[in-house]
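Trainee: I need the structure of the sequence given here:
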Amino acid sequence: MPSTPSADLSPAPFGRVLTAMVTPFTDDHRLDLGAAARLAEHLVDHGSDGLVVSGTTGESPTTTDEEKVELLRVVLDAVGGRATVVAGVGTNDTRHTIESARAAAAAGAHGLLVVTPYYNKPPQAGVLAHFRAVADATDLPVMLYDIPGRTATKIAADTLVRAAEHERIVAVKDAVGDVFEGTWVMSRSDLAYYSGDDAANLSWLAHGASGLVSVVSHVAGLQYRAMVEAVLEGDLTTAQRVYREVLPAVRGIMTITQGAIMAKAALQLQGVLATRAVRLPLVEATAEQVSLLKTDLSDCALLEARA
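Mentor: This next block holds a predicted model:
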């Protein structure tokens, strides 16, 4: 795994600024591996020291197991020597998740992102057993993903503390937003916390989070890099300024409609992607939505950001 930055006020096992990378498709909805490689290089060149491949923003519900491995290999070939590449492998079936974890490890992934099993609403004992079983399946470090708005099941604080006893469960991507409870877990375990909600990035960093797993970093990776470094240096004034400057992009990408839809539209506006195609049940951003997004990105000078 590539080394993480040297400014270590908090451990960052996967890096500081990770982008939850979209999966590029052609206009007829086939996987565009060439565009994926170019996008990965662009993101690493523009602030990201880690990428999450085949997370929800990567439209993992509608890509096949074979496509996920193809995508992972292409991204590793493109940037695996310069950035941490984390494979999203979580499903609501422990056996399937283990198979996906082993396939990702065989392809060379640096780490695994494992979401709480969704839809079947397991009890906390089942959540913990699921995470431990997946962590036992490979030698890779694991980031748990707590997002009850999508899974209908929150990972309880005590479950997180117990999960942290496993040597390979090292981090949490938090999309719950309960900073008090997260700080409680951090104080009772060695888990590295990563903000999984762009609106809450600065709050988490100020409370000791290690970094971000961001969607908005598709277009604002350099700004987020500056914000993280400011926090690490104890310069909260600069961090607040950067955070506020990027707020229009957070609004445009994360509040108009689903994040993957708008992230692809933003990348198309920047000229990074040729198309904003998504797979059903997602639908492309409308002309009206793109117009609103264009205004938001212009408000924070991000349409001129591509070098």
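Trainee: Let me know the secondary structure of residue 285.
Mentor: coil (DSSP: H, G, I helix; E, B strand; the rest coil).
Trainee: Can you name the residues that contact the nearest residue to it once chain neighbours are set aside?
Mentor: Leaving aside its sequence neighbours, residue 285 sits nearest to residue 265 (CB to CB, 6 or more residues apart in numbering; 4.1 Å). To be clear about C-beta, it is placed using only N, CA and C from the backbone, and glycine gets the same treatment. Neighbour list for residue 265: 276, 284-285, 289-290, 293 [criterion: CB atoms under 8 Å, 6 or more residues apart in numbering].
Trainee: Show the average pLDDT along stretch 147-155.
Mentor: Model confidence over stretch 147-155 averages 97 on the pLDDT scale.
Trainee: quick one: contacts of that stretch?
Mentor: For stretch 147-155, using CB under 8 Å, 6+ apart, the contacting residues are 56, 115-119, 121-122, 124, 127, 144, 146, 163, 172-173, 175-176, 196.
Trainee: ok, residue 243 touching residue 203?
Mentor: No. Contact between residue 243 and residue 203 fails when scored by CB atoms under 8 Å: they sit 9.4 Å apart.
Trainee: In terms of neighbours, single out the busier of the two.
Mentor: Counted by other CB atoms under 10 Å, residue 243 and residue 203 do not tie: residue 243 has more neighbours, with 23 against 15.
Trainee: Where does the residue nearest to that one when sequence neighbours are not counted sit: helix, strand or coil?
Mentor: Counting by CB to CB, 6+ apart, residue 243 lies nearest to residue 202, which is 4.4 Å off, once chain neighbours are set aside. Following three-state DSSP, we place residue 202 in the helix state.
Trainee: For residue 202, which residues are in contact?
Mentor: 227, 231, 239-240, 243.
Trainee: Can I get the buried part of these as one PyMOL selection?
Mentor: Entered in PyMOL, the line below selects the buried ones among these, by 16 or more other CB atoms under 10 Å:
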select buried, resi 227+231+239+243
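Trainee: of all the contacts of residue 202, which comes closest to residue 34?
Mentor: The shortest approach to residue 34 among those belongs to residue 227, at 31.5 Å (CB to CB).
Trainee: Tell me which stretches of the protein form strands.
Mentor: In the chain, the strands defined using DSSP state E lie at 17-20, 50-53, 84-88, 111-115, 142-146, 169-174, 192-195, 211-214.
Trainee: Same list (the ones you listed) but as a markdown table, adding mean neighbour count and distance to residue 39.
Mentor: Converted to a markdown table, the strands of the chain look like this (neighbours: other CB atoms under 10 Å; distance: least, CB to CB, whole Å):
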| stretch | mean neighbour count | distance to residue 39 |
| --- | --- | --- |
| strand 17-20 | 31 | 9 |
| strand 50-53 | 30 | 9 |
| strand 84-88 | 29 | 13 |
| strand 111-115 | 26 | 18 |
| strand 142-146 | 26 | 21 |
| strand 169-174 | 26 | 20 |
| strand 192-195 | 26 | 21 |
| strand 211-214 | 30 | 15 |
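Trainee: Pipe those into a markdown table and attach distance to residue 136 per row.
Mentor: As requested, the strands of the chain are exported to a markdown table (distance: least, CB to CB, whole Å):
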| stretch | distance to residue 136 |
| --- | --- |
| strand 17-20 | 24 |
| strand 50-53 | 22 |
| strand 84-88 | 17 |
| strand 111-115 | 12 |
| strand 142-146 | 10 |
| strand 169-174 | 10 |
| strand 192-195 | 20 |
| strand 211-214 | 24 |
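Trainee: shaky segments in this protein?
Mentor: Scanning the chain with the threshold set as pLDDT under 70 gives 1-9, 304-307.
Trainee: ok, back up a step: out of the contacts of residue 202, which are inside helices?
Mentor: Using DSSP state H, the members of the contacts of residue 202 that fall in helices are 227, 231, 239-240, 243.
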